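Visitor: here is a sequence together with a model predicted from it:
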Amino acid sequence: MSLFLECVNGQSVERPPIWFMRQAGRYLSEYRNTRKKAGSFLDLCYNSELATEVTLQPIDRFGFDAAILFADILLILDALGVKVQFIEGQGPLLEPVKNKKDIERISNLEQIHEKLFPVYETVKKLKKHLPKDVPLIGFAGAPWTLATYLINGKGEQGSLTAKKFLIENNDEFEKIINLLTDATIDYLIMQIKSGADVIKIFDSWAGALNADMVLRYSLNPIKKIVSEIKKRHPKIPFIVFPRSVNTIYSNFSNEECFDVLAVDQFLDRKWIAKKIQPKKIIQGNLDPIFLTQSKKVLFQELKKVTEDFKSHPYVFNLGHGITPDAKVENVELVVDYIKGIKF
């Protein structure tokens with residue numbers, strides 16, 4: 001078993017395994033070159049040859065301990081029949097779903113696998129090309145985060161449009177959450193059948209919810225997804241990332257079916273070490289901004305993170321995705337530093 005799989009399965013490891021969210025991305029010149037060949041971002045996601053190529057690029061260059069499938073959380077909405085486009089400089093734009101008629105239009109779960117077939121092909125290709133000691137992480141967006149894009153029509157700071165819809169049109173909102181939960185279960189099961197070794201669920205906009213809403217619309221749907229999939233695939237580890245939910249991370253850490261809890265950079269690390277690490281393997285939480293700084297500044301922060309988390313095994317990662325302005329030499333520095341640690 002690989003170092004990464006040993007760690008996420010709760011076994012003792014000699015050092016923290018390391019990988020980065022968005023480790024295949026625009027900070028790499030080779031990624032930018034492949035992106036040009038693909039055309040649009042969606043074309044790259046649906047081209048299994050090129051998606052395999054960009055997934056492998058950071059593994060080949062840095063020697064990360066795990067690879068993450070190159071795709072996007074919004075592909076599942078595209079597969080459900082929502083019009084999704086990525087506009088350069090603006091990000092994703094979607095045709096909003098606002099009423100029962102819109103919901104009924106996208107409720108055919110049987111249609112998603114035909115559209116998502118190239119994603120499953122990418123998983124199969126990666127399992128043939130990845131080094132045997134580098135497992136593959138499959139992933140999906142959590143229902144709440146997907147719902148925010150579906151209702152807002154775009155990413156929106158604070159997700160106020162979706163929150164108002166949640167309150168004012170709760171019956172319709174519940175239907176959307178249930179639909180997205182069921183679709184995500186089907187999608188992730190196909191990723192596992194295609195060869196994914198670990199699954200991560202991203203709730204990137206969970207921090208926009210009030211505390212009671214987090215439990216109902218972030219934690220509960222994610223718990224249903226993980227529980228249902230583990231009935232069929234009990235040995236698949238799950239990483240759950242409810243970004244920016246503050247002390248509600250404690251509630252997530254109490255769920256036995258979640259194997260790893262990814263923590264953002266806004267949480268106090270000493271609180272994490274005291275309240276979360278004794279109960280759950282954690283992943284995180286270097287602020288991505290430090291990858292844009294001088295080596296001296298990065299090194300100082302890196303020492304703080306590893307010192308605070310050293311009492312228990314953990315997966316080293318960022319508190320959010322790597323940014324396009326990250327310095328390649330800083331990524332190399334972090335990987336080399338983590339690989340030199342001994343528990």
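Guide: Great, that's in hand.
Visitor: for the stretch 51-200 of the chain, give me the ranges with low pLDDT.
Guide: Filtered on pLDDT under 70, the stretch 51-200 of the chain yields no residues whatsoever.
Visitor: all helices of it, in order?
Guide: Along the stretch 51-200 of the chain, counting by DSSP state H, counting those that start in this stretch, helices occupy 75-79, 100-105, 112-129, 143-152, 160-168, 170-194.
Visitor: most tightly surrounded among the ones you listed?
Guide: Ranked by mean neighbour count under mean count of other Cβ atoms under 10 Å, these are led by helix 143-152, which reaches a mean of 26. Heads up, the C-betas are built off the backbone N, CA and C, glycines and all.
Visitor: could you give the separation of that helix from the chain centroid?
Guide: 15 Å (Cα atoms, centre = their mean, to the nearest Å).
Visitor: output the contacting helices and strands for that helix.
Guide: helix 75-79, strand 91-94, helix 160-168, helix 170-194, strand 198-203, helix 220-232 (3 or more Cβ pairs under 8 Å, 6 or more residues apart in numbering; DSSP states H and E).
Visitor: of the ones you listed, which is nearest Thr323?
Guide: For Thr323, the closest of the helices and strands packed on helix 143-152 is strand 91-94, at 13.9 Å, according to Cβ to Cβ.
Visitor: how about that closest one: buried residues?
Guide: 92, 94 (16 or more other Cβ atoms under 10 Å).
Visitor: over to stretch 281-297?
Guide: Quick answer for stretch 281-297 (16+ other Cβ under 10 Å): 281-293.
Visitor: repeat that for stretch 317-336.
Guide: Buried residues in stretch 317-336 (16+ other Cβ under 10 Å): 317-322, 326, 330-331, 333-335.
Visitor: among the residues you listed, which are in helices?
Guide: 330-331, 333-335 (DSSP state H).
Visitor: about what we covered before: can you list the buried residues of stretch 281-297 in CSV and add pLDDT?
Guide: Shown next, in CSV, are the buried residues of stretch 281-297 (pLDDT from 0 to 100):
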residue, pLDDT
Ile281, 98
Ile282, 98
Gln283, 98
Gly284, 94
Asn285, 95
Leu286, 98
Asp287, 98
Pro288, 98
Ile289, 98
Phe290, 98
Leu291, 98
Thr292, 98
Gln293, 98
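Visitor: quick one on the thing from earlier: pick the one among the buried residues of stretch 317-336 closest to Phe41.
Guide: Distances from Phe41 to the buried residues of stretch 317-336, taken as Cβ to Cβ, are shortest for Gly321 (14.5 Å).
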